[in-house]
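Peer 1: need a 3D model of the sequence below.
(2 chains)
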Amino acid sequence: DQQVKQNSPSLSVQEGRISILNCDYTNSMFDYFLWYKKYPAEGPTFLISISSIKDKNEDGRFTVFLNKSAKHLSLHIVPSQPGDSAVYFCAAIKGTYKYIFGTGTRLKVLA
Amino acid sequence: DTGVSQNPRHKITKRGQNVTFRCDPISEHNRLYWYRQTLGQGPEFLTYFQNEAQLEKSRLLSDRFSAERPKGSFSTLEIQRTEQGDSAMYLCASSLARQGQDTQYFGPGTRLTVL
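Peer 2: Numbering: from 1, shown residues only, chains lettered A, B, ... in the order given. Below is the predicted model of the structure:
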């Protein structure tokens, strides 16, 4: 039972353009969502988060949008840079500690 | 470097052997988590400590797995009688409990290969 889904395993974007990574979830009780970035041979690195009571959170080039009615969140990266090439995981949490991760989307930013 | 550290980074073992991994969390963090990640999947929650108390264990954690955090600082994850299905990346994370949401910070992981 995959409660958090990332349906696009990979995405390629030209440098300077917008990258949009998507995530769908099934449990309306999730109260917090996060995005992590993972480079090969490293652990996931926290990027940005959003509370379920908000619909947008922005941090520099990264913006996360939450659509609760559609049970959908997205991460926008503008402008995309080659160093953004990595695997991106969305995660959801109900309560205070147990993250449920999606399967990840591999982003490749082309120079 | 004050991040989460894990040792060893890689471990190759033969089926049936026991292995132990260590995690050193960020020093002021009181919560510690273990996750397992297999190819093509996201990290899956295994267990969680608040200080030295183990508060939850996933159904993924069979009787062959045991985790400890004896003094509320570093943690160890032991797998007894390893099986080929145990091959995975084992990730440790830590966080500082506070009002509202606390963010988990991950270590680099220990990659286990069971032959």
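Peer 1: where in chain A is pLDDT low?
Peer 2: A:1, A:96 (pLDDT under 70).
Peer 1: identify the residue of it closest to chain B, quick one.
Peer 2: For chain A and chain B, the shortest gap (CB to the nearest CB) falls at A:Phe101, measuring 3.0 Å. All C-beta spots, glycine's among them, are computed from the backbone N, C-alpha and C.
Peer 1: please name the residues that touch that residue.
Peer 2: By CB atoms under 8 Å, 6 or more residues apart in numbering or on different chains, the contact set of A:Phe101 is A:4, A:36, A:89-91, B:42-44.
Peer 1: just give the closest residue to it, not the sequence neighbours.
Peer 2: Excluding the flanking residues, the one nearest A:Phe101 by CB to CB, 6 or more residues apart in numbering or on different chains is B:Gly42, at 3.0 Å.
Peer 1: over to that neighbour: give its phi and psi.
Peer 2: Here is the backbone geometry of B:Gly42 (degrees, to the nearest 10): phi -80, psi 170.
Peer 1: would you confirm that it contacts A:Thr105?
Peer 2: No: the pair B:Gly42 and A:Thr105 does not pass the contact test of CB atoms under 8 Å, sitting 10.5 Å apart.
Peer 1: my guess is B:Met17 contacts B:Gln84, does it?
Peer 2: If you look again at residue B:17, you'll see it is Gln, not Met. No: the pair B:Gln17 and B:Gln84 fails to qualify as a contact (CB under 8 Å) at a distance of 12.0 Å.
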